[in-house]
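Enquirer: predicted model and sequence follow; I will ask about them next.
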Amino acid sequence: MNADGRSHGLWQASAPAPLVCERLQGQVQADVAVIGAGFTGLSAALNLAQAGARVVVLEGAQIGFGGSGRNVGLVNAGLWLEPETLLKTLGSYYGDRLLHLLSGAPAAVYELVAQHRIDCQAVQNGTLHCAVGAGGLRNIRKRWQQWQALGAPVELLDHTQATAATGTTAYAGALLDRRAGTLQPLAYVRGLARAAITAGARICEQSAVRRVEDGRTHWVLQTQDGEVLAPWVIVATNAYTSDIWPALPAELVRLPYFNVATQPLDTALRAQILPGGQGAWDTRSVLSSYRFDQAGRLVFGSVGALRGRGQAIHKAWAQRALQHLFPALKHVQFDYEWYGWIGMTSDAVPRLHQLGRQVLSFSGYNGRGIAPGTVFGCELAHLVLGRIKVEELPLPLSPLKSVPCKSGKEAVYEYGAQLAHLVGARSPQGRRRS
């Protein structure tokens, strides 16, 4: 992907070979220009191309370069918010629409994987939201009650059941969501790209948009060596947005998240840890997540950037935290490490913006990029194709609002995570039960 092994780590090493996509050169006419070759942009491009639209995707780096190729790979339903909080935030009209869409979003991802035979280690065995202490247990119990009221296939596990499901006694309980699962995110996004190209879309890498002009009947998107003329534009760059639309990155606070991957564990250890094949994360503010890949490597992550002092701090903490959770991993070594950025909004709800005439953007996934990104891209395609109206989208159009003290808040995330991982040296995961 690039010369820095900390950008995509294990995912770069284990994904199928990347596609060879040319740099945009000369003038190209299209029905839709998509900026960003991640989950949202490629899902939109695939759906548009399948309907016969001429689509050009402009990617400033490579397919999956941003969060789509760096994340943990948990395919979760819903958002970080509890369902009732989401309904209060958006109101019943949009809240109901968004909950319905995102409840079925993991199924949509796995259907795409099957339909296009995407080789991405896709496993739909559910995910585990693990409760740390009594407060964590109250948290997941509320979520369980609210999702159950909506008919979702979720189960509340007690301490004994959570221990059996995770392989550690560290949790007071866990919420098992059977809609969800895991996959290899960079492999998935490359698979979406292949499917889109097969359907007729054109993808141009190393083609960052440098200037946008309104030609009245169409938009002109200029890159270093070419330009695209299109009446519709979809902006799908999220936390990796450039300054072409400076108000977009100004409304997102970027949260760093890192992952490390162990050596392949032996069969006995794999049978003890996450024996059901789920991915897991906990209820702590500075949370941890873990899941296996196909080769038996345990992928373990938390908030933090692997740069400067943070690189040593977070890696040392990860070693201690894994040993605390799973004492048998005391001497395990990490073969890979990488990190990226999550786009956070002020209320943890994604944003739908109209940046100009027939220019739309979804952004702010708040750590839930795979399933929401996939279905939001599909929704944008339906809008462009005239199948739905703007008011039928799962989110209302909202004005762009800059985040006050954005750089300070980002520093709190990065350096606060360092402090949390230094302070947590003696008990990285908190008390085992409380």
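Expert: Ah, there it is.

Enquirer: off-centre distance for stretch 238-257?
Expert: 15 Å (C-alpha atoms, centre = their mean, to the nearest Å).

Enquirer: and the end-to-end length of it?
Expert: 15 Å (C-alpha to C-alpha, to the nearest Å).

Enquirer: tell me which residues in that stretch are buried?
Expert: Buried residues in stretch 238-257, counted by 16 or more other C-beta atoms under 10 Å: 238-241, 244-245, 248-249, 251-257. For glycine as for every other residue, the C-beta is placed from the backbone atoms N, C-alpha and C.

Enquirer: one more: stretch 396-414?
Expert: 403, 409-410, 413-414.

Enquirer: save these as CSV, and put in pLDDT too.
Expert: Listed next are those as CSV, based on pLDDT from 0 to 100:
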residue, pLDDT
403, 94
409, 97
410, 97
413, 97
414, 97
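
Enquirer: will you turn those into TSV that also has distance to residue 283 and secondary structure?
Expert: Listed next are the buried residues of stretch 396-414 as TSV, based on distance: C-beta to C-beta, whole Å; DSSP: H, G, I helix; E, B strand; the rest coil:
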residue	distance to residue 283	secondary structure
403	25	coil
409	22	helix
410	23	helix
413	18	helix
414	21	helix
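
Enquirer: what ranges do the helices span in the stretch 251-400 of the chain?
Expert: Under the criterion DSSP state H, counting those that start in this stretch, the stretch 251-400 of the chain carries helices at the ranges 267-272, 309-325, 370-384.

Enquirer: which strands or helices does the longest one pack on?
Expert: What it means is helix 309-325. strand 253-262, strand 298-303, strand 334-344, helix 406-423 (3 or more C-beta pairs under 8 Å, 6 or more residues apart in numbering; DSSP states H and E).

Enquirer: can you redo the ones you listed as TSV with distance to residue 366?
Expert: What follows is the helices and strands packed on helix 309-325, written out as TSV (distance: least, C-beta to C-beta, whole Å):
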stretch	distance to residue 366
strand 253-262	9
strand 298-303	13
strand 334-344	5
helix 406-423	13
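
Enquirer: and the ones you listed: which comes nearest residue 232?
Expert: strand 334-344 (22.9 Å; C-beta to C-beta).

Enquirer: give me the mean pLDDT for the closest one.
Expert: For strand 334-344, the mean pLDDT works out to 96.

Enquirer: that one vs strand 298-303, what angle?
Expert: For strand 334-344 against strand 298-303, the angle between stretch directions is 40 degrees (axes from the mean of the first three to the mean of the last three C-alpha atoms, to 10 degrees).

Enquirer: so strand 334-344 versus helix 309-325, what angle?
Expert: 110 degrees.

Enquirer: so which elements touch strand 334-344?
Expert: helix 9-14, strand 253-262, helix 309-325.

Enquirer: please identify the deepest-packed of those.
Expert: Comparing those by mean neighbour count (mean count of other C-beta atoms under 10 Å), strand 253-262 comes out on top with a mean of 23.

Enquirer: direction included, what does it pair against?
Expert: strand 298-303 (antiparallel), strand 334-344 (antiparallel) (DSSP bridges).

Enquirer: minimum distance to residue 294: which of the helices of the stretch 251-400 of the chain has it?
Expert: helix 267-272 (11.3 Å).

Enquirer: got the CA positions of the closest one in PDB?
Expert: Coordinates of each C-alpha in helix 267-272 appear next as PDB, following Å, rounded to 0.1, in the frame of the first residue of the first chain:
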ATOM      1  CA  THR A 267      -4.800 -25.000  17.700                       C
ATOM      2  CA  ALA A 268      -5.100 -25.400  21.500                       C
ATOM      3  CA  LEU A 269      -5.000 -21.700  22.200                       C
ATOM      4  CA  ARG A 270      -7.400 -20.900  19.400                       C
ATOM      5  CA  ALA A 271      -9.900 -23.300  20.900                       C
ATOM      6  CA  GLN A 272      -9.700 -21.400  24.200                       C
END
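
Enquirer: name the residues that touch it?
Expert: With contacts defined as C-beta atoms under 8 Å, 6 or more residues apart in numbering, helix 267-272 is touched by 167, 292, 296, 326, 328-329.

Enquirer: how does it look with 10 Å?
Expert: Contacts with helix 267-272, where a contact means C-beta atoms under 10 Å, 6 or more residues apart in numbering, come from 166-168, 262, 264-265, 277, 292, 296-298, 326, 328-329, 332.

Enquirer: and those residues, which of them are in strands?
Expert: 262, 292, 298 (DSSP state E).

Enquirer: residue 148 versus the closest residue to residue 73 other than its chain neighbours, what's the distance?
Expert: Nearest residue to residue 73 in three dimensions, chain neighbours excluded: residue 185, at 4.7 Å (C-beta to C-beta, 6 or more residues apart in numbering). Computed as C-beta to C-beta, to the nearest Å, the residue 185 to residue 148 distance reads 29 Å.

Enquirer: ok, those two, which is more surrounded?
Expert: residue 185 (27 against 13; other C-beta atoms under 10 Å).

Enquirer: contacting residues for the more buried one?
Expert: 8, 11, 15, 38-39, 64, 67-75, 120-121, 369-370.

Enquirer: which ones among the residues you listed lie within helices?
Expert: Under the assignment DSSP state H, the contacts of residue 185 contribute 11, 39, 370 to helices.

Enquirer: dump those to a markdown table, plus distance to residue 96 and pLDDT.
Expert: A markdown table is the format used below for those (distance: C-beta to C-beta, whole Å; pLDDT from 0 to 100):
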| residue | distance to residue 96 | pLDDT |
| --- | --- | --- |
| 11 | 35 | 97 |
| 39 | 24 | 98 |
| 370 | 22 | 98 |
